[in-house]
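In: have a look at this prediction, sequence included:
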Amino acid sequence: MGEFIDFIGRNLADFWTYTGFANATVGHLIMILVGLVFIYLAVAHEFEPMLLIPIGFGMLIGNIPFNMEAGLKVGIYEEGSVLNILYQGVTSGWYPPLIFLGIGAMTDFSALISNPKLMLVGAAAQFGIFGAYMIALALGFDPMQAGAIGIIGGADGPTAIFLSSKLAPNLMGAIAVSAYSYMALVPVIQPPIMRLLTTKKERVMRMPAPRVVSHTEKVMFPIIGLLLTCFLVPSGLPLLGMLFFGNLLKESGVTRRLAETARGPLIDTITILLGLTVGASTQASEFLTFDSVLIFGLGALSFIIATTSGVLFVKIFNLILPKEKKINPLIGNAGVSAVPDAARISQTVGLEYDPTNYLLMHAMGPNVAGVIGSAVAAGILLGFLM
């Protein structure tokens, strides 16, 4: 009887070493708390729920403590595990182009085609990327790491993942979570900056209605856009090629089923897998470092620079534009790539000062230009740094 009790005792002791309770650290608990905050923000405040719920739940999955020496192959960083296999879509960089395919298939570029000068607003907002790049260099990150960190300023999660997987795979978890976090916080970060940098007179400025864009123009745009951007930065081809291909599927009018698949089931599936695995990659032992905290700070700074650059560029641009073609500076924030949330913020802030002044369609011009601009910026950094 005594031997049996000893046997049971040893087995229970061994079992205990495999439980999460025995292997939990303060780091695991911190990251689980962060994951719960992400889920709360998504559910209670509807901050990018399509992104924050998969990422937040992924954080819970990635920070369930387990015995690292037991060879269970359940962790995202354990080769051969299911999570590790799914994570290869992130580390190999093939989730982001598929996301861009879906974005292209759901994006209407009419606002940009009807007013091409709005492309300049989208380009100006990319100063956030290069500003953060220079600051990261000054703080001691090497050029490839600095480039990967800087792309957070584009407010484009898939682009951030794609570039960091090439330039700084060891920082990809922190960069991806930072990029998606600030995308979700667009409604919190941007309005104070927009109000600070504009006058009441500028906020109520009215813009002429966009002209009607023909079907031919819509079909030609993705073809011309691909040739112009990818001849300039061939390294951006995986993202830009898929973006413009998806848009051609939408605008051609003869591939409706393919477009519906790209912007529906396909992008939904990839978003789930990308969000979940990015969240799980925040395993405390790999994620909770000083560099991660610094990256979060630099991400916030790059996002502020991008928003500021877009608004200030419009104010300066207006100095040379004729009165009837001036641009409301409130749409300058939309030059970042957070589609369509940044454009909605332009509309929301504008309506606060003039309930009859609808800026959404105008803001969509720089907003979709920002998608193109962030991919071009990523291509430039990739071409120079690889």
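Out: Received the coordinates, thanks.
In: what does stretch 291-306 contact?
Out: 125-129, 131-132, 135-136, 139, 149-150, 152-155, 171, 173-175, 178-179, 181-182, 189, 193, 335-336 (CB atoms under 8 Å, 6 or more residues apart in numbering). Any C-beta I mention is one placed from the backbone N, CA and C, and that applies to glycine too.
In: filter these down to the buried ones.
Out: Buried members of the contacts of stretch 291-306, counted by 16 or more other CB atoms under 10 Å: 125-129, 131-132, 135-136, 149-150, 152-155, 171, 173-175, 178-179, 181-182, 189, 193, 335-336.
In: I'd like to know which of these are part of strands.
Out: The strands, defined by DSSP state E, take in nothing from the buried ones among the contacts of stretch 291-306.
In: distance of Lys326 from Leu33?
Out: Lys326 sits 48 Å away from Leu33, taking CB to CB, to the nearest Å as the criterion.
In: counting neighbours, go ahead and name the busier of the two.
Out: Using other CB atoms under 10 Å as the criterion, Lys326 and Leu33 rank with Lys326 on top: 18 against 12.
In: all strands of the protein, in order?
Out: Under DSSP E, the chain gives no strands.
In: which sections of it are below the confidence cut-off?
Out: The model of the chain has pLDDT under 70 over residues 1-2, 7, 70.
In: which residue is nearest the centroid of it?
Out: Nearest residue to the geometric centre of the chain (CA atoms, centre = their mean): Gly157, 2.0 Å.
In: ok, now which ones touch it?
Out: Counting by CB under 8 Å, 6+ apart, Gly157 has contacts 51, 176, 179-180, 183.
In: among the contacts of stretch 291-306, which are located in helices?
Out: Using DSSP state H, the members of the contacts of stretch 291-306 that fall in helices are 127-129, 131-132, 135-136, 149-150, 173-175, 178-179, 181-182, 189, 193.
In: name the nearest residue to Ala284, sequence neighbours excluded.
Out: In space, and not counting its chain neighbours, Ala284 is closest to Gly27: 3.2 Å by CB to CB, 6 or more residues apart in numbering.
In: ok, which stretches of the stretch 201-350 of the chain are helices?
Out: 215-232, 237-251, 256-261, 267-280, 284-287, 290-317, 341-353 (DSSP state H, counting those that start in this stretch).
In: distance between the ends of stretch 277-297?
Out: Start and end residues of stretch 277-297 are separated by 23 Å (CA to CA, to the nearest Å).
In: over to stretch 65-82?
Out: 17 Å.
In: list the buried ones in it?
Out: 65-66, 75-76.
In: pick out the most distant pair among those.
Out: Pairwise distances across the buried residues of stretch 65-82 (CB to CB) peak at 13.5 Å, for the pair Pro65 and Ile76.
In: picking up where we left off before, distance to Phe15 added to the buried residues of stretch 65-82, as a markdown table?
Out: Formatted as a markdown table, the buried residues of stretch 65-82 follow (distance: CB to CB, whole Å):
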| residue | distance to Phe15 |
| --- | --- |
| Pro65 | 15 |
| Phe66 | 13 |
| Gly75 | 19 |
| Ile76 | 24 |
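In: just the closest of the residues you listed to Phe4, please.
Out: Of these, the one sitting nearest to Phe4 (CB to CB) turns out to be Phe66, at 28.9 Å.
In: got the contact list for that closest one?
Out: 18, 20, 23, 72, 74-75.
In: with only the CA atoms kept, save stretch 333-350 in CSV.
Out: Extracted in CSV, the C-alpha atoms of stretch 333-350 (Å, rounded to 0.1, in the frame of the first residue of the first chain):
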residue,chain,number,x,y,z
ASN,A,333,-4.7,62.5,-41.3
ALA,A,334,-6.1,60.0,-43.8
GLY,A,335,-2.7,59.7,-45.6
VAL,A,336,-1.8,56.8,-43.2
SER,A,337,-2.8,53.4,-44.4
ALA,A,338,-5.5,52.6,-41.8
VAL,A,339,-8.3,52.1,-44.3
PRO,A,340,-11.1,53.2,-43.9
ASP,A,341,-10.8,54.2,-40.2
ALA,A,342,-8.5,57.2,-40.8
ALA,A,343,-11.0,58.5,-43.5
ARG,A,344,-13.8,58.1,-41.0
ILE,A,345,-12.0,60.1,-38.5
SER,A,346,-11.7,63.0,-41.0
GLN,A,347,-15.4,62.8,-41.5
THR,A,348,-16.2,62.6,-37.8
VAL,A,349,-14.0,65.6,-36.8
GLY,A,350,-15.3,67.6,-39.7
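In: roughly how far is it from the heart of the chain?
Out: Mean C-alpha position of stretch 333-350 versus that of the full chain (CA atoms, centre = their mean, to the nearest Å) differs by 14 Å.
In: name the nearest residue to Pro187, sequence neighbours excluded.
Out: Using CB to CB, 6+ apart, the nearest residue to Pro187 is Ile345, at 6.1 Å.
In: sorry, that was for Ser92
Out: In space, and not counting its chain neighbours, Ser92 is closest to Ser165: 7.0 Å by CB to CB, 6+ apart.
In: you'd agree that neighbour is up against Gln88?
Out: No. Between Ser165 and Gln88 there is no contact under CB atoms under 8 Å: 10.2 Å.
In: burial measure for Met297, as a count.
Out: Careful, residue 297 is Gly; it's not Met. Neighbour count for Gly297, taken as other CB under 10 Å: 13.
In: hang on, I meant Ile372
Out: By other CB under 10 Å, the residues close to Ile372 number 24.
In: likewise for Thr25?
Out: 13.
In: ok, so what distance separates it from Val74?
Out: Taken as CB to CB, the span from Thr25 to Val74 is 17 Å.
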